[in-house]
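K.L.:
show me how the following folds:
(2 chains)
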Amino acid sequence: MSIFDYFRPHRRNSASLAKERLQIIVSHERATRNGPDFLPKLQEELVGVIAKYVDIDEEQVKVALEQRDEFSVLELNITLPDCEQARKRQVENAVA
Amino acid sequence: MAKIIVVTSGKGGVGKTTTSAAFGTGLALRGYKTVVIDFDVGLRNLDLVMGCERRVVYDFVNVVNEESNLTQSLIKDKRVSNLYILPASQTRDKDALTKEGVERVLNELSKEFDYIICDSPAGIEKGAQLALYFADEAIIVTNPEVSSVRDSDRILGILASKSRRSENGQEHVKEHLLLTRYSPMRAERGDMLNIQDVTDILAIPLIGVIPESKAVLQASNAGVPVILDKLSEAGQAYSDVVGRFLGEERPHRFINAQKKGILSRIFKTKEEETV
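P.N.:
As a prediction, the model looks like this:
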């Protein structure tokens, strides 16, 4: 820090930004690391099918494969949008 | 039986070869018979960093293909007794190394040596996978920088799933984090990830912190492992790493910025700005 730095506008500490971004991406990559190779494709197609009937985006579908002793559990977690919101969106889409 | 240690990182240019050379030399200085193997087929560089580039006759691929024997191919270090180098081949054939061939060479080296250091190439291709496959322990070289940390995490995943130990259901490869090119001053200013940030994310034990130092480039310019530069901070930090690896209690050094007086704070020198 030189004396002139005190007069510069304060900006966000870049190291904490780096840490935050890393924590998010690393935990995301760890979650998919041990899964079989078809998992991302499965998730993509599932989103496609569900999107035909319900207005959702990719963020709202979570696919996880959990390894138990003798079997694996494929867990599918879909957050359906609020009915009110969904209807509004449908109306908007219809108008558009 | 030798202990096999891989020096790996995923990302290139973070200090794997510098670390392999320094760490291997450090173990040899402690009296352990040590061999450092360059796994970077096609991009041989360990020989240059260790200053034996003009003495390479046969290489790792020759031994794997049984075109030469180990005695012909191992280069004995001229400065440190107990230290040997097995250089990589400069062939462009990326399939020159096979798992079976590497295993046979490692088994043979195991009979004679205490430590085998595998200097991994960058990336996660075959060469890098072979370098870590047989490892008992791993040194993950990481810079305090986003892409290096992310790649290190990826390599940790590969160690956990694609090493011999994991495939055979043996005890996990023992992992050590080595943070290199660390600048305490920039970390304190918040311009660089600090030690805690990196250990929080990677969640493996820290074996050492090597400060950013001119001595590292000077050492590679001269072909002398930086650990032999006993006056340099980097050299001393590497000695500490070897000590900790051997189970000694050594506090981390060179991890805090030098406190400066008010005058030097005001009149910042040009050099500091570029560090």
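K.L.:
enumerate every residue touching the residue in chain B that chain A sits nearest to.
P.N.:
Chain B approaches chain A most closely through residue B:190 (3.6 Å), counting by C-beta to the nearest C-beta. In short, each C-beta sits where N, CA and C put it, glycine included. Contact partners of residue B:190, counting by C-beta atoms under 8 Å, 6 or more residues apart in numbering or on different chains, are A:13, A:14, A:15, A:16.
K.L.:
quick check, nearest of those residues to chain B?
P.N.:
Nearest to chain B among the contacts of residue B:190, with distances taken as C-beta to the nearest C-beta, is residue A:13, at 3.6 Å.
K.L.:
what about that closest one, neighbour count?
P.N.:
Neighbours of residue A:13 under the rule other C-beta atoms under 10 Å in any protein chain shown: 12.
K.L.:
skipping its backbone neighbours, what lies nearest it in space?
P.N.:
Nearest residue to residue A:13, sequence neighbours excluded (C-beta to C-beta, 6 or more residues apart in numbering or on different chains): residue B:190, at 3.6 Å.
K.L.:
any chance of the backbone angles for the one you found?
P.N.:
Here is the backbone geometry of residue B:190 (degrees, to the nearest 10): phi 90, psi 20.
K.L.:
which residues in chain A form strands?
P.N.:
A:61-67, A:72-78 (DSSP state E).
K.L.:
right, so those strands: which one is the most enclosed?
P.N.:
strand A:61-67 (a mean of 14; mean count of other C-beta atoms under 10 Å in any protein chain shown).
K.L.:
quick one, it and strand A:72-78 angle?
P.N.:
160 degrees (axes from the mean of the first three to the mean of the last three C-alpha atoms, to 10 degrees).
K.L.:
can you show me the strands along chain B?
P.N.:
B:3-8, B:34-38, B:75-76, B:83-86, B:115-119, B:137-142, B:174-182, B:206-211.
K.L.:
and the last one, is it in reach of chain A?
P.N.:
No: where contact is defined by C-beta under 8 Å from any C-beta of the partner chain, no part of strand B:206-211 touches chain A; the two come within 15.5 Å at best.
K.L.:
which strands or helices does that strand pack on?
P.N.:
Judged by 3 or more C-beta pairs under 8 Å, 6 or more residues apart in numbering or on different chains; DSSP states H and E, strand B:206-211 is in contact with strand B:174-182, helix B:195-202, helix B:233-245.
K.L.:
got the CA coordinates for that strand in CSV?
P.N.:
Output of strand B:206-211 as CSV, limited to C-alpha atoms (Å, rounded to 0.1, in the frame of the first residue of the first chain):
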residue,chain,number,x,y,z
LEU,B,206,-0.3,-29.0,4.0
ILE,B,207,3.3,-30.3,3.7
GLY,B,208,4.9,-26.9,2.9
VAL,B,209,4.7,-23.4,1.4
ILE,B,210,7.4,-22.3,-1.1
PRO,B,211,7.6,-18.6,-1.4
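K.L.:
how close does the spatially most central residue of chain A sit to residue A:43?
P.N.:
Against the mean C-alpha coordinate of chain A, by C-alpha atoms, centre = their mean, the closest residue is residue A:59 at 4.2 Å. Separation of residue A:59 from residue A:43 (C-beta to C-beta, to the nearest Å): 11 Å.
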